[in-house]
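Novice: 3D, please:
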Amino acid sequence: MQKNDEQQRVKISYQQDIAIVSLNRPDKYNALDMAMFDAIVAAIKELKDNRAIRAVILRGEGKGFCAGLDMVSVMKNPLNVSTLLKKEHGVISNLAQDVGYLWRDLAVPVIAVTHGSCFGGGMQIALGADFRYASEDCRFSIMEAKWGLIPDMSLSVTLRELTRIDVAKELTMTGRIFNADEAYRLGLVSKVCEDPLADALEFAKSLTARSPDAVMYAKKLFNDSWLSDDTQALDFETRYQKKILGRWNHLVAASRNFFKSPLQYKKRGKLDVE
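Specialist: From the prediction side, this is the model:
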């Protein structure tokens, strides 16, 4: 990535075929200024073009994942609001929404690792991931109500897939802070961990052992079909399965299991193999 101030708001490192994306403004609890918005979108675009990666871990440097919008910094320039909310012709989301929504466009699983504070825009970024691993001390809030606002960083898409509508309304209207255990009970967190980064890495490594086509289309299948009607959902299943069948990754996965499983069963005395 370019070594200017904006790009340094986000760092990308690699552990073999796993990309680790770190929000890098620890002195401000990774609060979102305009440079951070631009850097997150640039990082997503860089990862989207990287065909070698098999999973992404999204985390924050310092004492928290992300404290939300840096209101003071953003509001210094009146033009910043229009920049964030302006939608270019032919695209689905604006810059404010991109930082949460565009993680869904990546062909690989994205695991958000949260600790400390995960507030406002930070929570909306985490909700854009496919999975969320939280530390035991992590605190969450849909905090926009504090500023007399509503969430506008793609939460209207991502939150409805995870919890009930009354829960979504209550958390949004009150802006209250809640802990990781409650977030898990409400379906907003995948796992509460002593060491969420280590657990996320272990999970990511397990996914890299699967066919990348199967993982990619599983993500796409559920993102596209979760709120669709039965006809659309079944059509997505068939359409995406046709894209996998007979391709190299399918043949490799199938052959591994076809040749391995019968021998395993024979050793256990469960199958008579010539």
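Novice: Show the average pLDDT along the helix or strand harbouring Lys219.
Specialist: In the assignment (DSSP states H and E), Lys219 maps to helix 212-225. The average of the pLDDT scores along helix 212-225 is 96.
Novice: what does it rub up against?
Specialist: Here helix 212-225 makes contact (Cβ atoms under 8 Å, 6 or more residues apart in numbering) with 54, 104, 107-109, 130, 207, 232-233, 236-237, 240-241, 243-244, 247, 249-250, 253. For the C-beta atoms, the positions are set from N, CA and C on the backbone; glycine is no exception.
Novice: Quick one, which of those residues are buried?
Specialist: The neighbour-count criterion (16 or more other Cβ atoms under 10 Å) marks 54, 104, 107-109, 130, 207, 236, 240, 244, 250, 253 among the contacts of helix 212-225 as buried.
Novice: ok, back up a step: using PDB, write down the CA coordinates of the helix holding Lys219.
Specialist: Extracted in PDB, the C-alpha atoms of helix 212-225 (Å, rounded to 0.1, in the frame of the first residue of the first chain):
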ATOM      1  CA  PRO A 212     -12.000 -21.800  -2.200                       C
ATOM      2  CA  ASP A 213     -14.800 -22.100  -4.700                       C
ATOM      3  CA  ALA A 214     -17.100 -23.800  -2.100                       C
ATOM      4  CA  VAL A 215     -16.300 -21.200   0.600                       C
ATOM      5  CA  MET A 216     -16.700 -18.300  -1.800                       C
ATOM      6  CA  TYR A 217     -20.100 -19.400  -3.100                       C
ATOM      7  CA  ALA A 218     -21.300 -20.400   0.400                       C
ATOM      8  CA  LYS A 219     -20.700 -16.800   1.400                       C
ATOM      9  CA  LYS A 220     -22.400 -15.500  -1.700                       C
ATOM     10  CA  LEU A 221     -25.300 -17.900  -1.400                       C
ATOM     11  CA  PHE A 222     -26.300 -16.800   2.100                       C
ATOM     12  CA  ASN A 223     -25.600 -13.100   1.500                       C
ATOM     13  CA  ASP A 224     -27.800 -13.200  -1.600                       C
ATOM     14  CA  SER A 225     -30.600 -15.500  -0.400                       C
END
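Novice: tilt between the helix or strand following it and helix 212-225?
Specialist: Counting by DSSP H and E, the next helix or strand C-terminal to helix 212-225 is helix 230-244. Put simply, helix 230-244 runs at 160 degrees to helix 212-225, going by axes from the mean of the first three to the mean of the last three Cα atoms, to 10 degrees.
Novice: so where do the strands sit in the stretch 151-274 of the chain?
Specialist: 178-179, 191-193 (DSSP state E, counting those that start in this stretch).
Novice: Next, the buried residues of the last one.
Specialist: Residues of strand 191-193 classed as buried under the neighbour-count rule (16+ other Cβ under 10 Å) are 192-193.
Novice: which secondary structure elements does that strand contact?
Specialist: Judged by 3 or more Cβ pairs under 8 Å, 6 or more residues apart in numbering; DSSP states H and E, the packing partners of strand 191-193 are strand 131-135, helix 180-185.
Novice: and the residue nearest to the spatial centre of the chain, what does it touch?
Specialist: The chain has Ala129 as the residue nearest its centroid, 1.2 Å off, counting by Cα atoms, centre = their mean. Counting by Cβ under 8 Å, 6+ apart, Ala129 touches 58, 103, 110-112.
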